[in-house]
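# 3D, please:
(one chain, ligands or ions: 2)
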Amino acid sequence: MPVEHRVAARGRLRARVVGVVAGRVSVPGMGQEGEGGASGRGRCVGWPALDERRGPLQASLGTLGQRLQPGMADSAQAQKLVYLVTGGCGFLGEHVVRMLLQREPRLGELRVFDRHLGPWLEELKTGPVRVTAIQGDVTEAHEVAAAVAGAHVVIHTAGLVDVFGRASPETIHEVNVQGTRNVIEACVQTGTRFLVYTSSMEVVGPNTKGHPFYRGNEDTLYEAVHRHPYPCSKALAERLVLEANGREVHGGLPLVTCALRPTGIYGEGHQIMRDFYRQGLRLGGWLFRAIPASVEHGRVYVGNVAWMHVLAARELERRAALMGGQVYFCYDGSPYKSYEDFNMEFLGPCGLQLVGARPLLPYWLLVFLAALNALLQWLLRPLVLYAPLLNPYTLAVANTTFTVSTDKAQRHFGYEPLFSWEDSRTRTILWVQAAGSSAQ
Ligand SMILES: NC(=O)C1=CN([C@@H]2O[C@H](COP(=O)(O)OP(=O)(O)OC[C@H]3O[C@@H](n4cnc5c(N)ncnc54)[C@H](O)[C@@H]3O)[C@@H](O)[C@H]2O)C=CC1
Ligand SMILES: CC(C)CCC[C@@H](C)[C@H]1CC[C@H]2[C@@H]3[C@H](O)CC4=CC(=O)CC[C@]4(C)[C@H]3CC[C@]12C
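Ligands and ions are numbered 1, 2, ... in the order given. Prediction:
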C-alpha cells in the first residue's frame, strides 16, 4: 500500500517521498597517480574555480549524520543494500533503475530521486524490492541530504543536459556542479561510502579547436578546452567527484567514487532520435545529410550504460583501491559511424532515407546558419525560447570525430556489454517505431 510522507526541510516541506514500495586521473598538469588520462580537467573558460562555492549542507543537516551509519561491509544487513539513483526518471536514469531491480541481487531498497517523477514508477511498487520515489531537487542540499541519509550506494545521474541554449549557463552550473557538490557533501555527512557519477565524454571533448579524438581511451592525451556551459559543468562536477575519493565520511571510513563517461547514448527513450524521426516524417520520409560520413561518433546503448553503472556500483566496495577515483568511458559493440549514418541504423528500418552521399549544404553555409540561429536565440530570448538543434556548439560536436576504444571497465570491474549491437539496434528500432506512431 503506497505510503506518502514528506521530508521537512528549512521549515517547508520540499523533498517529497511518494510511495513505498567509486580514474585516479593522471592528466598533464593535474597530477594524480594511476590511469585515466583523457580527463575533463581541462580549462573551463569563464567559470568560477571549484572551491569558490560551498554547499550549505553542513548547516542544514543537523544531527542527521550522527543517526545513520550505513557501513556496507560490516553491517549485519550487508546482504540487503539501499541504493539511491538521482535523476532516476530521466532517459538513462530509468534504465539504471530498471537494471538495478532486475540485476542487483543485494538490492533491499531503491530510492528514485528526481525533480519530475515518472508515472511508470507506480508499476515498480508491486515488485519484491521497496521502491521509494522522492521528488526533489539536487540544488537543494537539504533535500539531497534527506534522500542520501541511510543509503549505501549513490548513483548520481541527475543533470541538466542542455547544449541547445534552453537553460541559462548559471542554471546548468547550479544543477550540474552545485548539485553534484550537494550529493558529495551529503555522502560525507551521512556516512554513505560509495558514489558512482554519470559524467560524459564531453568532459574530454570535442574541444573548441575541433581536434579529432580517434579511438581514444582514458589515457589518451587530449587538449580539453571547454567554453560551452554543459561540458564545462560536467568537467567541474567530475573533478569534484574524483577529488572526493578518499574523503572521510561520517563513521570514519573513506568515500569511494568513480565517474563513468558515456559517449552519445541511444536507445529506448532517446528524445533527439525521436525528434529526428518526427522531422523525417514531416519531410515526407527524407533526411538530408549535413555532416560528412567520414566524421565518426562514439555511441553507446543505454542498456549497456545502465549495466555499467550497476556493475561499477556493485564492485566499488570490493575493488575500492583499484576503482576509487577512476574514470571509465562507457562502450559497447556499437559500430563507429557518423552521427547521421548511425541514426539511420534505426531510422532506416522505420522508413526514413538519408539523402546524399555527401553533405548537401557546404560547411560554410552550416556555420552561417548555426551562427544565425545563435543570434536569433539571443534576439528572441525576451519574447520566446528559440532553441533549434543546430547551433555553433552542436555543429562543432557533430562535425568532429570522437570515438573511444578501451577495455578499462572490463579490466577494472569485469564489465562486458549486456546487449549485443544487434539487440541494441532491434530494441531501439522497436521503440522509435512505437514513439513515431504515438506521435501521429
Ligand atoms: N544523453 C546523452 O547522450 C548523455 C548523457 N550523459 C549524462 O547522463 C546523465 C543523464 O542524462 P539523460 O538521461 O540523457 O538526461 P535526462 O534529461 O533524460 O535525465 C536527467 C534527469 O535528471 C533530472 N534532473 C534535472 N535537474 C534536476 C534537479 N535539479 N534535481 C533533480 N533531478 C534533476 C531530470 O528531471 C531528468 O529526469 C546526465 O548527467 C548527462 O550529463 C552523459 C553522456 C551522454
Ligand atoms: C544537423 C546538425 C548538424 C546535427 C546536430 C546533431 C546534434 C544535435 C548532436 C550531434 C552530437 C550530439 C551530442 C553528442 O552525442 C555528445 C553528447 C553528450 C552528452 O553528454 C549530452 C548530449 C551530447 C552533447 C549530444 C547532444 C546532441 C548532439 C550535439
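
# interface residues of the stretch 1-150 of the chain facing ligand 1?
Residues of the stretch 1-150 of the chain lying close to ligand 1 by Cβ under 6 Å from any ligand atom are G87, C89, G90, F91, L92, G93, D114, R115, H116, D137, V138, T139. In short, each C-beta sits where N, CA and C put it, glycine included.

# ok, G150 to ligand 2 distance?
Noted for G150: a distance of 30 Å to ligand 2, by Cβ to the nearest ligand atom, to the nearest Å.

# neighbours around that residue, how many?
As a burial measure, G150 scores 18 neighbours (other Cβ atoms under 10 Å).

# one step back: what about the residues of the stretch 1-150 of the chain next to ligand 1, which are in helices?
Residues of these located in helices (DSSP state H): F91, L92, G93.

# how about stretch 344-360 against ligand 2, any contact?
No: Stretch 344-360 lies out of reach of ligand 2 by Cβ under 6 Å from any ligand atom, never closer than 9.2 Å.

# what of stretch 213-225?
No: Stretch 213-225 is not in contact with ligand 2 by Cβ under 6 Å from any ligand atom; minimum separation 11.7 Å.

# go through that stretch and flag the buried ones.
Within stretch 213-225, the residues that qualify as buried are F213, G216, N217, E218, D219, T220, Y222, A224, V225, counting by 16 or more other Cβ atoms under 10 Å.

# what about it, distance to the chain center?
Stretch 213-225 sits 19 Å away from the centroid of its parent chain (Cα atoms, centre = their mean, to the nearest Å).

# same question for that stretch, mean pLDDT?
Taken as a whole, stretch 213-225 has an average pLDDT of 93.

# distance between the ends of it?
Using Cα to Cα, to the nearest Å, one end of stretch 213-225 lies 13 Å from the other.

# could you do stretch 216-224 as well?
First-to-last distance for stretch 216-224 - Cα to Cα - comes to 13 Å.

# burial count for V432?
25.

# list the residues that contact it.
M273, R274, Y277, F346, L347, C350 (Cβ atoms under 8 Å, 6 or more residues apart in numbering).

# out of the residues you listed, flag the one nearest to E123.
Nearest to E123 out of those is R274 (Cβ to Cβ; 21.7 Å).

# re earlier: narrow the residues of the stretch 1-150 of the chain next to ligand 1 to those that are buried.
G87, C89, G90, F91, L92, G93, D114, R115, D137, V138, T139.

# before we move on, the earlier item: secondary structure, neighbour count and pLDDT added to the contacts of V432, as JSON lines?
Shown next, in JSON lines, are the contacts of V432 (DSSP: H, G, I helix; E, B strand; the rest coil; neighbours: other Cβ atoms under 10 Å; pLDDT from 0 to 100):
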{"residue": "M273", "secondary structure": "helix", "neighbour count": "21", "pLDDT": "94"}
{"residue": "R274", "secondary structure": "helix", "neighbour count": "17", "pLDDT": "93"}
{"residue": "Y277", "secondary structure": "helix", "neighbour count": "22", "pLDDT": "94"}
{"residue": "F346", "secondary structure": "helix", "neighbour count": "25", "pLDDT": "96"}
{"residue": "L347", "secondary structure": "helix", "neighbour count": "25", "pLDDT": "96"}
{"residue": "C350", "secondary structure": "coil", "neighbour count": "19", "pLDDT": "94"}
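
# can I get the residues you listed in TSV with distance to R299?
Below are the contacts of V432 laid out as TSV (distance: Cβ to Cβ, whole Å):
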residue	distance to R299
M273	10
R274	16
Y277	16
F346	11
L347	14
C350	17
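
# how many other residues sit next to the residue in the stretch 101-250 of the chain that ligand 2 sits nearest to?
Relative to ligand 2, the nearest point of the stretch 101-250 of the chain is S200 (3.4 Å; Cβ to the nearest ligand atom). Neighbour count of S200, defined by other Cβ under 10 Å: 25.

# wait, does stretch 90-101 contact ligand 2?
No: against ligand 2, stretch 90-101 shows no contacts by Cβ under 6 Å from any ligand atom, the least distance being 9.8 Å.

# for the record, mean pLDDT for that stretch?
For stretch 90-101, mean pLDDT is 98.

# which residues does that stretch contact?
Contacts of stretch 90-101 (Cβ under 8 Å, 6+ apart): 83, 85-88, 107, 110, 112, 114, 118, 120, 124, 127, 129, 131, 155, 157-159, 198, 262, 265, 267-271, 302-303, 305-307, 309-310.

# from those residues, list the buried ones, please.
Judged by 16+ other Cβ under 10 Å, buried ones among the contacts of stretch 90-101: 83, 85-88, 107, 110, 112, 114, 118, 124, 129, 131, 155, 157-159, 198, 262, 265, 267-270, 302-303, 305-307, 309-310.

# show me those residues that map onto strands.
Members of those lying in strands (criterion: DSSP state E): Y83, V85, T86, L107, L110, V112, D114, V131, I155, T198, I265.

# just those now: which is nearest G251?
Nearest to G251 among these, with distances taken as Cβ to Cβ, is Y83, at 18.5 Å.
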